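Asks: Build me a structure from this.
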Amino acid sequence: MSDDNQEQVKISVEKRNGRSEAFDEDKLARGVSRSGTPFVMAKDIAKSIHKKLEEKTENNAIRSVDIKDYVVEELKSRNEGVIAESYSGYSKNTLTDLSGDNKFDSKVTPTQRSHQKEYVKQKDATNEEESKRGLR
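Replies: You can find the predicted model right below:
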């Protein structure tokens with residue numbers, strides 16, 4: 001029987017709150033992309049992890065924290081260490097303490113992509129200013 005004709009294995013994900021839900025590759029891709037991963041790469045990572053889960057899960061069940069570890073491992077293997085740190089520190093259920101002087105401190109340094117975006121913004125602003133002054 002070919003892979004196309006095989007029925008896809010249903011994988012149950014045990015959430016931190018104890019509930020279970022069906023594994024959703026698209027939902028995982030959206031979550032990974034929120035950490036700064038380009039969406040195409042996030043989709044590829046989700047597909048890769050889905051395949052890994054189909055091969056390795058016992059009883060067709062896995063904990064969400066284990067999926068998170070797989071994502072971090074996959075990001076690091078793709079030389080996305082900064083994004084992996086961002087993703088591993090992400091938690092929907094954790095409140096951030098905004099008291100004190102650390103309100104705007106980030107645990108992760110800006111990525112090269114964000115530096116490039118900032119450079120383009122500054123360059124555009126400079127070009128616009130020069131145009132206003134008639135230098136261009």
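
Asks: Backbone dihedrals for the closest residue to Asn60 other than its chain neighbours, please?
Replies: Excluding the flanking residues, the one nearest Asn60 by Cβ to Cβ, 6 or more residues apart in numbering is Ile11, at 5.4 Å. For every residue, glycine as well, the C-beta is placed using N, CA and C. Here is the backbone geometry of Ile11 (degrees, to the nearest 10): phi -110, psi 130.

Asks: I'd like to check which residues are in contact with Ile11.
Replies: By Cβ atoms under 8 Å, 6 or more residues apart in numbering, the contact set of Ile11 is 22-23, 50, 53-54, 57, 60-62.

Asks: Let's see that with 10 Å instead.
Replies: Counting by Cβ atoms under 10 Å, 6 or more residues apart in numbering, Ile11 touches 22-25, 50, 53-54, 57, 59-62, 67.

Asks: Pick out the lowest-pLDDT one from these.
Replies: Here the lowest pLDDT out of the contacts of Ile11 sits on Thr57, with 71.

Asks: so that residue makes contact with Asp66?
Replies: Yes. Between Thr57 and Asp66 there is a contact under Cβ atoms under 10 Å: 9.1 Å.

Asks: Now list whatever residues contact both of those two.
Replies: Taking Cβ under 10 Å, 6+ apart as the contact rule, Thr57 and Asp66 both touch Val13.

Asks: picking up where we left off before, for the contacts of Ile11, which two are the farthest from each other?
Replies: Greatest spacing in the contacts of Ile11, by Cβ to Cβ: Glu25 and Asn59 (19.6 Å).

Asks: Neighbour count: these two, which is higher?
Replies: More crowded of Glu25 and Asn59, by other Cβ atoms under 10 Å: Glu25, with 16 against 7.

Asks: Touching, that one and Val13? I think so.
Replies: No. Glu25 lies out of contact with Val13 (Cβ under 10 Å); the separation is 11.3 Å.

Asks: overlap in contacts of these two?
Replies: Leu53.
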